[in-house]
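Undergrad: After the sequence you'll find the predicted model.
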Amino acid sequence: MINSGDTAFIILCAALVCLMTPGLAFFYGGLVSRKNVLTIMMQSFVSMGVVTIIWFVFGFSLAFGPDVHGIIGGFKYICLQGVGMNPNPDYGPTIPFLTFFSYQQMFAIITPALITGAFADRVNFKSYLVFLVAWSILIYIPLAHWVWGGGFLQQMGVVDFAGGITVHASAGLAALASVFFVGKRKLISKNDQEPHNITHVALGTALLWFGWFGFNAGGGLAADGLASTAFINTDISASVAMVTWLVISWIKEKNPSFVGILTGAVAGLATITPAAGFIKPWAAAILGLVAGVVCYYAVQFRKKVEWDDALDVWGVHGVGGIMGSILVGVFAVDSVDGVNGLLYGDIHQFGIQLFATIFASVYAFVVTYLILKVVNFFMPVRVSEEEEEKGLDICIHKEEAYHI
């Protein structure tokens, strides 16, 4: 039976997750140089349009419908049933079908947009559009089905409350694959490496943090105690990770960096995502501590080996999502949502979390690399040196963010 409270809550959560994509645009836009700010912001915004169309026409059906005939069945439900009950009670028994559909749609939108921070300043927009479509179809939709839509990983017992495997690990490893394929930026000056507007980074972080409450608290598809647990776990992990990053960077770099604490908060948010509805608040604090330490040193490692992941998508989202997805198998307790981890005697849960995380990460990395290789065969993925030097805003979009 449809519950109006649950319905209103998940609609609100979907709106909050939707807000995260513009938030990501500001977060990434502030971190790049001023000559590329419109390009990277547009890459996030255009995902809202392109992925919505994919999701409506066949994406949702493939992710959450039957393995073979999901396209026809899902499209029929979207167009004809619409306001009725969910065809599958596992997908929110107390909310309308379209509420679940729209909530999941927002996850599908932001996931490929996360990848763009890795290849900032150097990818052709036309090639990006083709990549966006291919990545959504070949990577996000299969992973969503395997983990959430009744696929083989879900049948094994893998849990992922709000997208550690399907969103952050997949996007982070896809980002790393794109870095290897596209190559390093040909930087003209140090200014091209520095954030052009840290206030935009702060605004983006605020929108992401705010939206993340819907991202995680809505994972149980009901307005109940589980949502409250996921909500507070989200805030605790982000806060602890922020302070941890601050302490480490202050000691190592001799100054308290604003960009540093904002990055630390996002690392904590990414890490808690798969575990938010399975662990207790004290464990969320541990995950935040781990996120602050491990993601900080992952970023330092990336710099040392000179991987040009421009905005540290791998080090923050990839490493954070992987850690959180595995640590669910350590700290989960059945009194929260029916799952026990290694700490409570369930070795099997830890093992399948480890397997699923590694499998999804490798799958995302390999298929992303292949997608880029195929796209590059038909059209250049990377812009010319002249376009990179002048900036993509003016060369591709014929627009400038600032007229000074």
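TA: Everything's here; your move.
Undergrad: And for A360, the neighbour number?
TA: 27 (other CB atoms under 10 Å). From N, CA and C alone the C-beta is placed, and that goes for glycine too.
Undergrad: just K304 next, same as before
TA: Burial of K304 is recorded as 9 neighbouring residues (other CB under 10 Å).
Undergrad: Which pLDDT value belongs to it?
TA: Here the pLDDT value assigned to K304 is 96.
Undergrad: Can you tell me the closest non-neighbouring residue to R302?
TA: Setting aside the residues directly before and after it, R302 is nearest to G315 in space (CB to CB, 6 or more residues apart in numbering), at 5.2 Å.
Undergrad: The one you found contacts D309, correct?
TA: Yes: using CB atoms under 8 Å, G315 and D309 qualify as a contacting pair, with a distance of 6.8 Å.
Undergrad: more crowded one of those two?
TA: When G315 and D309 are compared for neighbours, G315 comes out ahead with 27 against 24, by other CB under 10 Å.
Undergrad: which ones are touching that one?
TA: Shown in contact with G315 (CB atoms under 8 Å, 6 or more residues apart in numbering): C295, A298, V299, F301, R302, D309.
Undergrad: Likewise for V17?
TA: If you count contacts by CB under 8 Å, 6+ apart, then V17 has Y103, M106, F107, I110, G211, G214, F215, G218 around it.
Undergrad: so which helix or strand takes in it?
TA: Using DSSP states H and E, V17 sits in helix 4-31.
Undergrad: Next SSE downstream of that helix?
TA: Next along the chain after helix 4-31, taking DSSP H and E as the criterion, comes helix 37-54.
Undergrad: Pull that following helix out as CSV, backbone CA atoms only.
TA: Output in CSV follows, covering the C-alpha atoms of helix 37-54 (Å, rounded to 0.1, in the frame of the first residue of the first chain):
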residue,chain,number,x,y,z
VAL,A,37,35.3,26.4,-16.3
LEU,A,38,32.3,26.4,-18.7
THR,A,39,33.4,23.3,-20.4
ILE,A,40,33.5,21.1,-17.2
MET,A,41,30.3,22.6,-15.8
MET,A,42,28.5,21.9,-19.1
GLN,A,43,29.8,18.3,-19.0
SER,A,44,27.9,17.9,-15.7
PHE,A,45,24.7,19.7,-16.7
VAL,A,46,24.4,17.9,-20.1
SER,A,47,24.4,14.6,-18.2
MET,A,48,21.1,15.6,-16.7
GLY,A,49,19.5,15.8,-20.2
VAL,A,50,21.2,12.9,-22.0
VAL,A,51,21.0,10.3,-19.2
THR,A,52,17.4,11.2,-18.4
ILE,A,53,16.5,10.3,-22.0
ILE,A,54,18.4,7.0,-21.8
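Undergrad: what's the most distant pair in the contacts of V17?
TA: Among the contacts of V17, the pair separated by the greatest distance (CB to CB) is I110 and G218, at 13.6 Å.
Undergrad: count of neighbours near Y402?
TA: 11.
Undergrad: Report the contact partners of it.
TA: Residues in contact with Y402 (CB under 8 Å, 6+ apart) are R34.
Undergrad: Check whether it sits in a helix, strand or coil.
TA: coil (DSSP: H, G, I helix; E, B strand; the rest coil).
Undergrad: gap between it and V37?
TA: Distance of Y402 to V37, given as CB to CB, to the nearest Å: 8 Å.
Undergrad: Same check on G150?
TA: The separation that G150 has from V37, given CB to CB, amounts to 41 Å.
Undergrad: gap between the helix holding V17 and the chain center?
TA: Taking CA atoms, centre = their mean, to the nearest Å, the mean C-alpha location of helix 4-31 is offset from the chain mean by 12 Å.
Undergrad: and it, average pLDDT?
TA: 97.
Undergrad: Could you do stretch 98-115 as well?
TA: For stretch 98-115, mean pLDDT is 96.
Undergrad: Over to stretch 397-404?
TA: If you average the pLDDT over stretch 397-404, you get 89.
Undergrad: Next: stretch 167-185.
TA: Across stretch 167-185, pLDDT averages out at 97.
Undergrad: Buried residues of it, list them for me.
TA: Judged by neighbour count (16 or more other CB atoms under 10 Å), stretch 167-185 contains these buried residues: 167-179, 181-182, 185.
Undergrad: ok, so of those, who is nearest L343?
TA: A169 (21.6 Å).
Undergrad: give me phi/psi at that closest one?
TA: A169 has phi and psi values of phi -60, psi -40 when expressed as degrees, to the nearest 10.
Undergrad: do you know how far it is from D334?
TA: Noted for A169: a distance of 24 Å to D334, by CB to CB.
Undergrad: Next: G341.
TA: With the distance defined as CB to CB, G341 ends up 9 Å from D334.
Undergrad: do the same with T21
TA: T21 sits 34 Å away from D334, going by CB to CB.
Undergrad: Look at these two and report which has more neighbours.
TA: When neighbours are counted by other CB under 10 Å, T21 and D334 differ, and T21 comes out ahead with 22 against 12.
Undergrad: Poorly predicted segments of this structure, please.
TA: Across the chain, residues meeting the criterion (pLDDT under 70) sit at 67-90, 187-192.
Undergrad: hmm, 50 instead?
TA: Counting by pLDDT under 50, the chain has low-confidence residues at 69-74, 79-85.
Undergrad: Can you show me the strands along it?
TA: For the chain, no strands turn up when DSSP state E is the criterion.
Undergrad: Longest helix in it, by number of residues?
TA: Counting residues, the longest helix in the chain under DSSP state H turns out to be helix 347-378.
Undergrad: What are the buried residues along it?
TA: For helix 347-378, the neighbour count (16+ other CB under 10 Å) marks 349-350, 352-353, 356-357, 359-361, 363-365, 367-369, 371-372, 375-376 as buried.
Undergrad: could you say what helices and strands it packs with?
TA: If contacts are counted by 3 or more CB pairs under 8 Å, 6 or more residues apart in numbering; DSSP states H and E, helix 347-378 sits against helix 125-135, helix 141-148, helix 152-156, helix 170-182, helix 319-331.
Undergrad: Cheers, nothing more for now.
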